[in-house]
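1. Just to be clear, the model below is a prediction. Sequence and coordinates:
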Amino acid sequence: MNAKKVMGLAVTSVMAASLVAGCGTSNNKADNNTQGGTTGGKKMTIAMVTDVGGIHDNSFNQSANEGLDRASKDLGIEKKVAESKRAEDYTPNLNSFVKGGNTDLTWGIGFLMADDIKKVALANPNSKLAIIDSDLSGDIPKNVEAVTFNENEGSFLMGVLAAKMSKTHKVGFVGGVKFALIEKFEYGFKAGVKAVDPTAQVTAVYADAFDKPDKGKLLASQLYQQGDDIIFHAAGATGDGVFAEAKERGAGYWVIGVDRDQYDLAPKNTLSSMVKRVDNAVYDVAKDLQAGKFEGGTVRTFSLKDGGVDYAPTTKNNTPQDVITLMDDYKKKIIDGSIKVPATADEFNNFK
Amino acid sequence: MNFADMLITILNGTIIFSTPLILAALGGVINERSGVVNIGLEGLMTVGAFAAAVITIWTGETLGLPGWLAPYLGIIAAMIVGMIFAVPHAVASIDLKADQVVSGVALNIFAAGVAMFLVKKLFEGAGQTTTVQNVFTKVNIPFLSDIPIIGPGLLKIYPTSYLAFILVAVIYWMLFKTPFGLRLRAVGEHPRAADTLGVSVRKVRYIAVILSGGLAGIGGGTLSIAISSNFQHSTVSGHGFMALAAMIFGKWHPVGAMGAALFFGLATALAVSGQVLGLTQYVPSEFLNALPYLLTILALAGVVGRAEAPAASGKPYEKGSR
């Protein structure tokens, strides 16, 4: 009888021990055994920490990962990745690279990590860090390079597209979580719609999560049900659900993707994607770093002007040429400054 | 949005979100009716969701089998994997007489660890699977789907939802109309009496725990390949515990558990619909999102009247003991 109890305890403890298997960081050594890098000297190591979306989020984490892959292929850097499952993982993941000592630059992908980046950077002044999508409220430590994008400009073009293509004059927006960053998408999009079709109705909803495709799907189903025929999403992996719903409903239900060219998620239902070239930003910073240039303490902003945000090349597959021409007209006006695209609710209310 | 559309989206959302809960709660009912507590439903759903996503991707996208077939294979895989993962819990709690709650908690941790570890191995270090291309789509029944409100609201649902409702009937019939069901309930209420009459307590409990693993596995599979179209750490976030609550709320009865699961589904559907319907003007969206969990606590706190568990639930049976 006693032996049985011991066995029972043993079985349960073996099961509990496997908890460890789920944790830890993965060490992706992309094929870098052949290239020597352009400097020929010491091989650079660049690490990135994803936010909760993970590297297959079909969105900006994936884009950053692609940028690093390209950098490891062209520039011969070594790439390391850690994925965060929850907000509490950000600091330990960043620390695991920064304190490891062998990392030349550590990326935090996403504004959710802003506070963690600042904390880790201040505690480790000799390390180099960089962050996507946050200017750290203007107070940037000397060893951090901040990268932001003018998402409102690209979203404006998506609004122009949606207003022009909608048959019902009703379009929807699905956001991840309602912070200033995602509101840039919302109000840029709303302004674009307003510029072309002031009477069109835009319903903006938020899923309160970037990693819940099921919520995205239900929100999309409700927007389509109320007559919206085009939905623009800025919700990371939650947006996958928007594509799934459109695909299920079939022809006439459109989605506009975000961050990456998301055409392949639903080729028959994707009008366009507001691409945000996180990959280029990550690549450019890697290239500069290799050339010995690191702009710590500053914000680098990518906009419509330098191709940091734009509409996806696949837009032409489902969008008529005259609409694309109109988008290009607006694009010129934004670049030359004759249209100033709102980024907040206040700016939107004063728009036009 | 007019009233009919509102009703349709809420009804449809209710059914979709309650499906995984119904399936897992049915598993819980069988399990506890036989006298074994299963806190591990969450873990069984996790491995089910994982297996369904991986097998659907593998058969549909790698092997190139027809797109309609792949998700069915995925669901079958989810069931089998759920059954396999229920075995250690059965061994620990029936033969080894370990504490069933501890074993169930260990199962949850074990399942989450294994699933995440394998996802990282299979998908190049990523913490989630790629997007599943061949997911279940909602069934369109000719004529019936055209009935106003009921058609698009209640009948245009995933095949897994139909499966869940069919299984409620099947399990009701099994528990209350067959000799095996009578034995199962007897084993859960008074194992010594059943043993005296020649019923093998051990065998019946094994069957119940493994069946329950299969049902929870299917429930998890529904989450990954009908609702979410991928598997990641947050795919099964507390659904197993909500199913457990639905089982208690439903008083260990298949139909009651279904009712409770539908109620939780309604709460989730309302939470997600709140914004589109304009409810957030009156109630903060955070409150709406917390609603399903709040209701779970209220249900467990006994607001709905006393819930009586099967008498021998949670107690290992020692042959010949008094």
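-> Alright, I've got the coordinates.

2. pLDDT weak spots in chain A?
-> By pLDDT under 70, the low-scoring segments of chain A are A:1-42, A:101.

3. Try it again at 50.
-> Along chain A, the model assigns pLDDT under 50 to residues A:1, A:3, A:17-40.

4. Okay, helices next: where are they in it?
-> For chain A, the helices defined by DSSP state H occupy A:2-17, A:60-74, A:90-98, A:114-123, A:151-165, A:180-196, A:213-225, A:239-249, A:278-290, A:321-335, A:345-349.

5. Need the residues that contact the fourth one.
-> Outside helix A:114-123, the residues within contact range by CB atoms under 8 Å, 6 or more residues apart in numbering or on different chains are A:90-91, A:94-95, A:98, A:108, A:127, A:129, A:131, A:134, A:136-137, A:139, A:141, A:143-144. For the C-beta atoms, the positions are set from N, CA and C on the backbone; glycine is no exception.

6. Name the member of these with the most neighbours.
-> Counting neighbours by other CB atoms under 10 Å in any protein chain shown, A:Gly108 comes out on top of those with 30 neighbours.

7. wouldn't that one be in contact with A:Lys128 here?
-> No - the pair A:Gly108 / A:Lys128 is not scored as a contact, 12.0 Å apart, by CB atoms under 8 Å.

8. ok, back up a step: could I get the helices of chain A as JSON lines with distance to A:Val171?
-> Listed next are those as JSON lines, based on distance: least, CB to CB, whole Å:
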{"stretch": "helix A:2-17", "distance to A:Val171": "50"}
{"stretch": "helix A:60-74", "distance to A:Val171": "23"}
{"stretch": "helix A:90-98", "distance to A:Val171": "34"}
{"stretch": "helix A:114-123", "distance to A:Val171": "31"}
{"stretch": "helix A:151-165", "distance to A:Val171": "5"}
{"stretch": "helix A:180-196", "distance to A:Val171": "6"}
{"stretch": "helix A:213-225", "distance to A:Val171": "9"}
{"stretch": "helix A:239-249", "distance to A:Val171": "13"}
{"stretch": "helix A:278-290", "distance to A:Val171": "25"}
{"stretch": "helix A:321-335", "distance to A:Val171": "14"}
{"stretch": "helix A:345-349", "distance to A:Val171": "15"}
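
9. and which of the contacts of helix A:114-123 is nearest chain B?
-> Closest approach between the contacts of helix A:114-123 and chain B, by CB to the nearest CB: A:Tyr90, at 14.0 Å.

10. So that closest one versus A:Tyr206, what's the distance?
-> From A:Tyr90 across to A:Tyr206, the span is 22 Å (CB to CB, to the nearest Å).

11. Likewise for B:Phe263?
-> Taking CB to CB as the measure, B:Phe263 and A:Tyr206 are separated by 25 Å.

12. okay, those two: which has more neighbours?
-> Higher neighbour count among B:Phe263 and A:Tyr206: A:Tyr206, with 23 against 19, using other CB under 10 Å.

13. what distance separates the start and the end of stretch A:336-346?
-> End-to-end distance for stretch A:336-346: 23 Å, by CA to CA, to the nearest Å.

14. Next: stretch B:230-240.
-> First residue to last in stretch B:230-240 (CA to CA) measures 18 Å.

15. Check whether that stretch comes into contact with chain A.
-> Yes - using CB under 8 Å from any CB of the partner chain, stretch B:230-240 comes into contact with chain A via B:Asn230, B:Gln232, B:His233, B:Ser234.

16. Tell me who's in contact with residue 77.
-> If you meant another chain, say so; for now it's chain A. Contacts for A:Ile77 (CB under 8 Å, 6+ apart) come out as A:Asn32, A:Gly37, A:Lys43, A:Met44, A:Thr45, A:Ile46, A:Leu68, A:Ala71, A:Ala286, A:Gln290.

17. that's the wrong chain, I wanted chain B
-> The contact partners of B:Ala77, by CB under 8 Å, 6+ apart, come to B:Ala51, B:Ala52, B:Val54, B:Ile55, B:Gly221.
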